[in-house]
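K.L.:
Sequence below, structure please.
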Amino acid sequence: MKAAALVLAALFVIGTAAPARAQLGGLGKLKKAADKAVDTKQKVDDMTFTPKEERQLGEQVSLKLREHFGVYQNQEVTKYVTLVGTTLARVSKTPDLDWQFIVLDTDGVNAYAAPGGLVHITRGLLGLMKNEAELAGVLGHEITHITNHHTTDAIRQSKGVSLGADLAGGAGSGRDQFIARFAGAAFNKIFEGEFSQSDENHADEIGIQLANKVGYAPNGMVDVLKKIEARNGGREDRNGMFASHPAIKDRIASLEKQIKAEKLTASATAEARYKQHIAFDAKPVSEITMDVSGAAGLASGDKKKDDDKKADDKDKKDEPKKKGFGLSSITGGKQSQAQQQTASAGARGGVPDRDAKGGPNKNPLAVKVTAAELDAFKKGIGA
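P.N.:
Below you'll find the predicted structure:
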């Protein structure tokens, strides 16, 4: 509303300095300008996204995840995960979305769903699981986060993002800048695992329905949760995927109740096929190498882009605080790199599966799955 306030001030000046007829003409023009400014701001900050904009959001979130963890450069594993994921996505409520499945190169046990159809799963989680039904449960869960817009809805409800006057005049259109700010907030929520209990339960519920629908044993997700609970035994903090101890017990009980009530009786695990493609194990939590500076570095980089533009004109200490919240809210924007790492480790706890060190290659692998390959793969689910 700053634009409207400036226009009202101009109206007052005109009203005190110009003849009556001139005043009326000037007032009319300025009122139109004020209305246009307010309307433009509302359009820029509109949190209703087109499918194209959701994909734009997801691509930016995916880039941040890849910059932090790297991409596992194994074509065979990536294609295998893509075949399982695509089989599930085709029976979801948005089968025609441009689905992409990315394996992150880290020992951390985790999975991340970015808006617009980008599903990420870590090498560590693949090593923890031991059959295809477990993988289907996890991928069905992440697919549901996307098809039900859990990330964008959560941020929209919190009203946690606004373009703000501080970004006016920056590179790109106002809408592009707003989407970039929103992507920063989405990365925060996804990276920190801040989905609500309701969203997690909903993703569990629909995820096992998808798995059961294509023939996988729905208790695959239950088995994954039990493995993660055992992995995190004795830890007081939240560690990676589904890590809250009381909540994980409730979720297991809820899924077991659902399987019984809905008579989800599919039984395929495809364990042999899984072992053919995933021949490695997850590292114990105690052996995870952490990089607590990773997310702090991303935050610092985002903040630096804005600070560099203003450095010649104004001391950074005098800059106004930015509105909304983006990536820089993790650590704050004005710390030195060493301070950022220390603050990040303290505030974020140095949690192994979340802060696990990633690989060096950030480039996603291009994987194509033909209709014939997908049909043959589906036939092998119950084999």
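
K.L.:
quick check: domain ranges of this structure?
P.N.:
2-44, 51-290+351-379, 293-348 (automatic domain parsing).

K.L.:
so where is this protein shaky, pLDDT-wise?
P.N.:
Residues of the chain meeting the criterion pLDDT under 70: 1-45, 158-172, 235-246, 294-349.

K.L.:
mind running it again at 50?
P.N.:
1-16, 33-44, 163, 165-171, 243-245, 299-348 (pLDDT under 50).

K.L.:
Not counting its neighbours along the chain, what's nearest Pro284?
P.N.:
Arg231 (7.7 Å; C-beta to C-beta, 6 or more residues apart in numbering). C-beta: built from backbone N, CA, C; applies to glycine.

K.L.:
do Val214 as well
P.N.:
Thr87 (5.5 Å).

K.L.:
I'd say that neighbour and Ala376 touch.
P.N.:
No. Thr87 is beyond contact range of Ala376, at 11.1 Å (criterion: C-beta atoms under 8 Å).

K.L.:
between these two, which one's more packed in?
P.N.:
Legend: neighbour count by other C-beta atoms under 10 Å for Thr87 and Ala376, higher for Thr87 (24 against 11).

K.L.:
residues of the helix or strand containing that one that come out buried?
P.N.:
Secondary structure from DSSP states H and E places Thr87 in helix 75-89. Residues 77-89 are the ones in helix 75-89 that count as buried (16 or more other C-beta atoms under 10 Å).

K.L.:
Quick check: the farthest pair among those residues?
P.N.:
Val77 and Ala89 (18.1 Å; C-beta to C-beta).

K.L.:
What ranges does the stretch 151-300 of the chain have for its helices?
P.N.:
With DSSP state H, counting those that start in this stretch applied, the stretch 151-300 of the chain shows helices at 174-191, 197-213, 220-231, 245-261, 271-277, 293-310, listed in chain order.

K.L.:
circling back to that earlier point, got the CA positions of the helix holding Thr87 in PDB?
P.N.:
Written as PDB, here are the backbone C-alpha positions of helix 75-89 (Å, rounded to 0.1, in the frame of the first residue of the first chain):
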ATOM      1  CA  GLN A  75      21.800 -43.500 -14.900                       C
ATOM      2  CA  GLU A  76      20.600 -47.000 -14.000                       C
ATOM      3  CA  VAL A  77      19.500 -46.100 -10.500                       C
ATOM      4  CA  THR A  78      17.800 -42.900 -11.600                       C
ATOM      5  CA  LYS A  79      15.900 -44.700 -14.400                       C
ATOM      6  CA  TYR A  80      14.800 -47.400 -11.900                       C
ATOM      7  CA  VAL A  81      13.500 -44.800  -9.400                       C
ATOM      8  CA  THR A  82      11.800 -43.000 -12.300                       C
ATOM      9  CA  LEU A  83      10.000 -46.100 -13.400                       C
ATOM     10  CA  VAL A  84       8.600 -46.700  -9.900                       C
ATOM     11  CA  GLY A  85       7.700 -43.100  -9.500                       C
ATOM     12  CA  THR A  86       6.100 -42.700 -12.900                       C
ATOM     13  CA  THR A  87       4.000 -45.900 -12.400                       C
ATOM     14  CA  LEU A  88       2.600 -44.300  -9.200                       C
ATOM     15  CA  ALA A  89       2.200 -40.800 -10.700                       C
END
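
K.L.:
With just CA atoms, put the helix or strand just after that helix into CSV.
P.N.:
Tracing the chain past helix 75-89, the next element assigned as helix or strand by DSSP H and E is strand 100-104. C-alpha atoms of strand 100-104 as CSV (Å, rounded to 0.1, in the frame of the first residue of the first chain):
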residue,chain,number,x,y,z
GLN,A,100,10.8,-35.8,-12.7
PHE,A,101,12.5,-38.0,-10.2
ILE,A,102,16.0,-37.0,-8.9
VAL,A,103,18.4,-39.0,-6.7
LEU,A,104,20.4,-36.7,-4.4
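
K.L.:
got the buried residues for strand 100-104?
P.N.:
Quick answer for strand 100-104 (16+ other C-beta under 10 Å): 100-104.

K.L.:
from those, which two are the most distant?
P.N.:
Top of the distance list for those (C-beta to C-beta): Gln100 and Leu104, 12.8 Å.

K.L.:
Give me the number of neighbouring residues for the residue nearest to Pro284.
P.N.:
By the measure other C-beta under 10 Å, the count of residues near Arg231 is 19.

K.L.:
Make 558 the starting number, not 1.
P.N.:
Okay, residue one is now 558; in that scheme the one you just asked about reads as Arg788.

K.L.:
What separation do you get for it and Glu757?
P.N.:
According to C-beta to C-beta, to the nearest Å, Arg788 stands 18 Å off from Glu757.

K.L.:
Tell me, how many residues neighbour Ile835?
P.N.:
Using other C-beta under 10 Å, Ile835 has 21 other residues around it.

K.L.:
got the contact list for Met847?
P.N.:
Contacts for Met847 were tallied using C-beta atoms under 8 Å, 6 or more residues apart in numbering; they are 907, 909, 912-914.

K.L.:
beta partners of it?
P.N.:
Taking DSSP bridges as the rule, Met847 bridges to Ala913.

K.L.:
Distance of the residue nearest to Gln815 when sequence neighbours are not counted relative to Tyr637?
P.N.:
Nearest residue to Gln815, sequence neighbours excluded (C-beta to C-beta, 6+ apart): Glu762, at 6.1 Å. To Tyr637, Glu762 is 26 Å away according to C-beta to C-beta.
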